[in-house]
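Visitor: Using only what follows, build the 3D model:
(2 chains)
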Amino acid sequence: MTRNAKINTLLLLVVAALAVLPLALGLGDGKEEPFTGADAQAETAIAEIEPDYEPWFTPLYEPPSGEVESALFALQAALGAGVLAYYFGVRKGRRQGAALASAAAPGSAGEAGEGAGEGAAVPAARES
Amino acid sequence: MHIAEGFLPPLHAVAWGAASAPFVVHGVRALTREVKANPESTLLLGASGAFTFVLSALKIPSVTGSCSHPTGTGLGAILFRPPIMAVLGTITLLFQALLLAHGGLTTLGANVFSMAIAGPWAGYAVYRLLRKSGTPLMVGVFFGAFFADLVTYCVTSVQLALAFPDPASGFLGSLEKFAGIFALTQIPLAISEGLLTVLVMRLLMQSSKSDLVRLGVAKLTGGKSAEQTGREAEVR
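Guide: Okay, the predicted model is just below:
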């Protein structure tokens, strides 16, 4: 593993630990419903402060069950992750294409780099 | 930090909507200008929006025994400046309000103000201050994202406390209550968001240095023009 990859892995591990530790340490144990959403808790707090408050508008569409809701949340995350992966894939492809081109035609690295910079495809003839 | 549909009194809902609207309109202009001037930005703009999509869909357990989610707005604010993030954040909030019944249309103005305006501006301000004082890029990125996340939830607490002051202890009593729910829960999540934003920025440094140089995030060494060295970075 390169130093770069090590640092990236470490970052991910710390993020995972921050998410898992509250569960592992049982920090929700004293609660009636452990690990509910903060948004829902705010609604409860509003009901405590102003018991008469009635929401005056309801969502146009509401997921019919918790399962459908979590599916839609997963869809949102998947869409985002898909676009991110596409982005990094495209960038990596361009760099590899440029590297191949400059390896095939040494001395014209500047030219190949320019092509990659403009987003133009590296000529297929050079790749083969 | 999403205030649920119908949970802000009409007057508050309208006021926050009116406060947010100019920022979003200005943001749309900034966005179209950026895309016209630098069409190659489109891909990175998409990636910044996608980062917000992923992070705001993740409900993560926190030390208070409840769950909350990061916002993902720090990255876009640092890369493209806060006005553009106002647009990307609004798109995310609209998606959640319409499809997930998370947040809402009547509370959209308030939610846009906290997540897409106040958070990104606060994070960007912290990032700029740190960078100006010579702090390394990744430290600036971490704290920029950290504050973009945390300030969002503090603003939500203020919004709710304004709308629902405690009958006995007033605005401050309510603020304590809502901040206890939102801000405290958010601290570890804001750290996570900071670390994830640093991770993405590190990946961008490897894959898209030329874009970062053009956007003024990464600096160059030597006397070459930004354009030239950007291209060389691309070849590498």
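Visitor: Next one: the residue most central in space within chain B from B:Val200, what distance?
Guide: Closest residue to the average C-alpha location of chain B: B:Thr73 at 2.2 Å, with Cα atoms, centre = their mean. For B:Thr73, the distance to B:Val200 (Cβ to Cβ, to the nearest Å) stands at 13 Å. Every residue, glycine included, has its C-beta placed from N, CA and C.
Visitor: To what extent is B:Ile187 buried, counted in neighbours?
Guide: Other residues within reach of B:Ile187 by the criterion other Cβ atoms under 10 Å in any protein chain shown amount to 16.
Visitor: Quick check: closest non-adjacent residue to it.
Guide: Excluding the flanking residues, the one nearest B:Ile187 by Cβ to Cβ, 6 or more residues apart in numbering or on different chains is B:Leu150, at 6.9 Å.
Visitor: Ok, A:Pro63 next?
Guide: In this structure, A:Pro63 finds its nearest non-sequential neighbour in A:Glu69, 3.9 Å apart by Cβ to Cβ, 6+ apart.
Visitor: now B:Arg202
Guide: The shortest distance from B:Arg202 to any non-neighbouring residue, by Cβ to Cβ, 6+ apart, is to A:Asn8 (6.4 Å).
Visitor: Against the centre of chain A, work out the most remote residue.
Guide: A:Asp52 (39.9 Å).
Visitor: Make sure that residue is indeed in a strand.
Guide: No: the assignment for A:Asp52 is coil, going by DSSP: H, G, I helix; E, B strand; the rest coil, so no strand is present there.
Visitor: measure it to B:Asn38 for me?
Guide: From A:Asp52 over to B:Asn38 the distance is 53 Å, taken as Cβ to Cβ.
Visitor: again with A:Arg94
Guide: When distances are taken as Cβ to Cβ, A:Arg94 and B:Asn38 turn out to be 16 Å apart.
Visitor: quick one: low-confidence parts of chain B?
Guide: Screening chain B residue by residue with the criterion pLDDT under 70, one finds the ranges B:221-236.
Visitor: Tell me the predicted confidence for the spatially most central residue of chain A.
Guide: Within chain A, one residue has its C-alpha closest to the average C-alpha position: by Cα atoms, centre = their mean, that is A:Ala81, at 4.6 Å. The per-residue pLDDT reported for A:Ala81 equals 97.
Visitor: now swap in A:Gly37 and tell me
Guide: At A:Gly37, the predicted lDDT confidence score is 88.
Visitor: so it sits right up against B:Thr64, yeah?
Guide: No: here A:Gly37 does not reach B:Thr64: they are 11.7 Å apart, not a contact under Cβ atoms under 8 Å.
Visitor: More neighbours: which of the two?
Guide: B:Thr64 (23 against 16).
Visitor: quick one, phi/psi of the more buried one?
Guide: Backbone geometry at B:Thr64, expressed as degrees, to the nearest 10, gives phi -80, psi 0.
Visitor: The closest residue to it other than its chain neighbours: helix or strand, and which one exactly?
Guide: Sequence neighbours aside, B:Thr185 is the residue nearest to B:Thr64 in space, at 4.5 Å (criterion: Cβ to Cβ, 6+ apart). Taking DSSP states H and E as the criterion, the element that holds B:Thr185 is helix B:170-207.
Visitor: Remind me what that helix packs against, helices and strands.
Guide: Identification of packing neighbours for helix B:170-207 by 3 or more Cβ pairs under 8 Å, 6 or more residues apart in numbering or on different chains; DSSP states H and E yields helix A:3-24, helix A:38-49, helix A:66-104, helix B:41-55, strand B:67-68, helix B:73-80, helix B:137-163, helix B:209-214.
Visitor: Single out the most deeply packed of those.
Guide: Highest mean neighbour count of the helices and strands packed on helix B:170-207: helix B:73-80, a mean of 30 (counted as mean count of other Cβ atoms under 10 Å in any protein chain shown).
Visitor: Just want the angle from that one to helix B:170-207.
Guide: Orientation of helix B:73-80 against helix B:170-207 (axes from the mean of the first three to the mean of the last three Cα atoms, to 10 degrees) gives an angle of 60 degrees.
Visitor: So which residues make contact with helix B:73-80?
Guide: If you take Cβ atoms under 8 Å, 6 or more residues apart in numbering or on different chains as the criterion, helix B:73-80 is touched by B:34, B:41, B:44-45, B:48-49, B:51-52, B:84-85, B:88-89, B:115-116, B:119-121, B:123-124, B:127, B:140-141, B:144-149, B:152, B:193-194, B:197, B:200-201, B:212, B:215, B:217.
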